[in-house]
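Chemist: okay, predicted coordinates and the sequence, questions at the end:
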Amino acid sequence: MKKFVGVDLHKQRIVVCVVNQARQVLTSARFTHAESNKLAAWLKALGSFDLVLEATASYEWFVKLVEPLAGRVLLAHPRKMRIIAESTRKSDKVDARVLAEFLALDMIPPAHRPTPRQRAHRKLVRRRVYVRARQTSIKNRIRHVAAEYNADRKELFTSEGLKYLRGLKLDPVDRWLVQRLLRELKLYRDELKAVDRQLAAFARTAPAAEAGHRALLNSIPAVGPVTRETFLAEVAGPERFGSQKKLTSYVGLAPDSASRPASATTWASRTAARRFCGWVLHQAAWQLVRRLVALATDLRAAGPARGKKKAITAIARRLLCLMLAVIRSGRPYQERPPATPATPAVA
């Protein structure tokens with residue numbers, strides 16, 4: 001008789017519930033993370049079983065542990081398992097039982113599980129975004145100090161600007177603070193170069209399909225290495241999303257209909273993909289506007305009515321859909337020539 005195992009996985013403890021096809025509870029148990037061998041032996045003694053757990057932040061080690069033992073291992077989408085979050089009798093034991101019962105009914109909403117290569121790619125891309133954000137933060141703090149002396153300049157972080165900054169007459173504490181910030185800035189600049197080298201080395205080991213996607217994305221104006229790598233890491237393949245609507249919702253470039261009316265013009269920032277991919281696409285959209293006359297015209301036309309921020313979000317969404325369409329079609333991007341105005345008829 002096949003059994004169905006629901007697992008509520010936490011940082012320190014693991015709660016397990018086992019039900020049969022009729023959703024009757026057969027047994028349950030609680031383990032700590034240090035008792036992984038004991039848990040594996042307990043699961044092995046169950047015989048034939050399928051297992052489900054929610055896709056939390058640190059599930060990968062657990063999945064690797066139970067995959068050789070289970071017939072199937074499913075990841076449940078946490079946001080779609082709303083019955084657990086909204087339960088009035090919420091507890092670890094109840095959560096594990098609900099997961100097991102949904103598995104017995106074959107009603108688990110699945111979550112995406114990245115491959116080991118996709119997981120490594122995400123770590124590198126997100127590290128780069130973090131380092132770049134730290135650079136910006138440090139520069140802003142230095143500018144704040146300079147502004148207190150009416151000494152902020154647009155070119156402050158060029159070689160000439162740094163020479164000018166070191167020659168400023170600052171109070172001893174501000175001078176010490178600027179020196180420490182400049183040292184920290186140099187550290188993150190070196191770190192950014194190291195991350196870029198690691199990303200380049202990672203790309204050189206890409207399988208044929210991934211290398212082909214990189215070549216296709218390179219054909220799109222304003223899609224540079226940062227936008228390309230972020231898209232590939234976060235989207236994780238063109239087959240993952242059945243439509244452009246689902247992709248734009250995942251990245252956070254579509255109205256959040258789950259919590260707002262469909263006509264809302266604000267976007268949520270909940271998932272890591274939205275924090276990283278959405279931000280990068282906004283930056284690329286500004287570059288795209290500067291390079292393509294047609295988009296610049298659209299932005300100027302939409303600006304007074306919608307506001308530039310909302311208009312640039314719409315362009316970022318168009319860029320995202322274009323990137324997906326290019327790798328799905330397998331053909332490089334080709335810009336359409338501007339339409340020629342119709343010749344008026346001669347009377």
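Modeler: Received it, and whenever you're ready, just let me know what you need.

Chemist: helices along the stretch 51-200 of the chain, start to end?
Modeler: Taking DSSP state H, counting those that start in this stretch, the helices of the stretch 51-200 of the chain run over residues 60-66, 82-85, 92-104, 116-147, 159-166, 172-204.

Chemist: how far away is residue 236 from residue 327?
Modeler: 12 Å (CB to CB, to the nearest Å). For every residue, glycine as well, the C-beta is placed using N, CA and C.

Chemist: same check on residue 216?
Modeler: On the measure of CB to CB, residue 216 and residue 327 end up 5 Å apart.

Chemist: ditto for residue 321
Modeler: Residue 321 is 11 Å from residue 327, by CB to CB.

Chemist: same check on residue 125?
Modeler: Taking CB to CB, one finds residue 125 at 17 Å from residue 327.

Chemist: who has more neighbours out of those two?
Modeler: Remark: of residue 125 and residue 327, residue 125 carries more neighbours, 23 against 20, as counted by other CB atoms under 10 Å.

Chemist: surely that one meets residue 227?
Modeler: No - counting by CB atoms under 8 Å, residue 125 stays clear of residue 227, with 10.5 Å between them.

Chemist: hang on, the earlier thing: closest one to residue 40 among the helices of the stretch 51-200 of the chain?
Modeler: helix 60-66 (6.0 Å; CB to CB).

Chemist: where does the stretch 1-150 of the chain dip in pLDDT?
Modeler: Applying pLDDT under 70 to the stretch 1-150 of the chain picks out residues 83-88.

Chemist: swap the cut-off to 90 and go again
Modeler: For the stretch 1-150 of the chain, the stretches with pLDDT under 90 are 1, 11-12, 54-58, 77-95, 109-115, 129.

Chemist: could you measure from the closest residue to residue 202 other than its chain neighbours over to residue 228?
Modeler: Nearest residue to residue 202, sequence neighbours excluded (CB to CB, 6 or more residues apart in numbering): residue 124, at 6.1 Å. Per CB to CB, residue 124 is found 13 Å from residue 228.

Chemist: same thing with residue 55?
Modeler: Here residue 55 is placed at a distance of 26 Å from residue 228 (CB to CB).

Chemist: show me the domain layout of this structure.
Modeler: Domain assignment for the chain by automatic domain parsing gives 3-104, 115-205, 210-333.

Chemist: now do the same end-to-end measure for the second one.
Modeler: To tie it back to what came earlier, the one meant is domain 115-205. This stretch, domain 115-205, spans 15 Å end to end (CA to CA, to the nearest Å).

Chemist: same question for the last one.
Modeler: Distance between the two ends of domain 210-333: 17 Å, counting by CA to CA.

Chemist: mind checking how far the strand or helix carrying residue 214 is from the chain centre?
Modeler: Take DSSP states H and E as the rule and residue 214 turns out to sit in helix 208-217. Remark: helix 208-217 is offset 20 Å from the chain centroid, using CA atoms, centre = their mean, to the nearest Å.

Chemist: ok, now stretch 213-226?
Modeler: Distance of stretch 213-226 from its chain centroid, counting by CA atoms, centre = their mean, is 18 Å.

Chemist: got it, and stretch 234-252?
Modeler: Centroid displacement of stretch 234-252 relative to its chain, using CA atoms, centre = their mean, is 11 Å.

Chemist: list the buried ones in it?
Modeler: Buried residues in stretch 234-252, counted by 16 or more other CB atoms under 10 Å: 234-236, 238, 241, 244, 247-252.

Chemist: now do the contacts for residue 222.
Modeler: By CB atoms under 8 Å, 6 or more residues apart in numbering, the contact list for residue 222 reads 284-285, 287-288, 290-291, 319.

Chemist: no further questions, thank you.
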